[in-house]
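Peer 1: The following comprises the amino acid sequence and a computationally predicted model.
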Amino acid sequence: MIASTTSTFFSSGTWLVIRNLLIFFAVVFWAATVWWIYKDAKRRIEDPWLVGISVLIGVVVPFFGPFIYMLFRPPEYLEDVRERELEIKAMEDRLSKRDLHCPVCRSEVDSTFLVCPICTTKLKQACVNCKAPLEALWQVCPHCETAVEPTAVTLPQFESRRRRRAE
């Protein structure tokens with residue numbers, strides 16, 4: 001009785017409609033995954049050949065192609081990569097044109113200043129011959145070729161605020 005009911009169902013028009021709808025939705029889903037792979041690959045990959053290979057994987061391996069593509073796709077969108085590169089370039093430009101500040105009062109100073117005009121902190125050493133400002137690591141003045149004498153930097157001694165125990 002069960003065999004005759006099942007064979008009757010599978011030979012009926014209802015089964016044909018259900019089967020055709022399932023096939024239709026499977027084909028639509030497969031086409032949608034191929035379209036998704038194409039759109040995502042265009043946003044992540046610059047090389048058109050690699051985009052084509054990604055789409056081909058989606059076409060040849062139905063339903064598992066998107067999972068294979070997701071394993072090997074680049075992690076970032078091209079737009080994000082370009083934006084990050086622009087931000088890095090902007091930061092590098094900003095750092096190359098950085099404004100100099102006094103280490104004590106943080107006021108803006110010029111690279112030619114020997115002393116901060118606000119707090120009078122010594123910023124650079126002057127050449128003994130031409131009085132041009134010298135950088136800390138220079139061994140010779142680039143303006144007059146005079147050898148730079150190394151100066152010892154003395155740090156100020158601070159007294160401890162705690163009282164020492166009498167020994």
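Peer 2: Happy to help now that I have it.
Peer 1: Show me how this protein divides into domains.
Peer 2: 2-79, 99-150 (automatic domain parsing).
Peer 1: what residue lies at the spatial centre of this structure?
Peer 2: residue 84 (4.7 Å; Cα atoms, centre = their mean).
Peer 1: roughly how far apart are the closest residue to residue 105 other than its chain neighbours and residue 137?
Peer 2: By the measure of Cβ to Cβ, 6 or more residues apart in numbering, the closest residue to residue 105 outside its immediate chain neighbours is residue 119, 4.2 Å from it. Backbone N, C-alpha and C define where each C-beta goes, glycine included. With distances taken as Cβ to Cβ, to the nearest Å, residue 119 is found 24 Å from residue 137.
Peer 1: same check, this time on residue 6
Peer 2: 91 Å.
Peer 1: what does residue 23 give?
Peer 2: For residue 23, the distance to residue 137 - Cβ to Cβ - is 77 Å.
Peer 1: Looking at the two, which is more packed in?
Peer 2: A direct count of neighbours by other Cβ atoms under 10 Å for residue 23 and residue 137 places residue 23 higher, at 10 against 6.
Peer 1: does the more buried one sit in a helix, a strand or a coil?
Peer 2: helix (DSSP: H, G, I helix; E, B strand; the rest coil).
Peer 1: Now do the contacts for the closest residue in space to residue 107 that isn't next to it in sequence.
Peer 2: Of all residues not flanking residue 107 in the chain, residue 118 sits nearest, at 4.5 Å (Cβ to Cβ, 6+ apart). By Cβ atoms under 8 Å, 6 or more residues apart in numbering, residue 118 lies in contact with 102, 105, 107.
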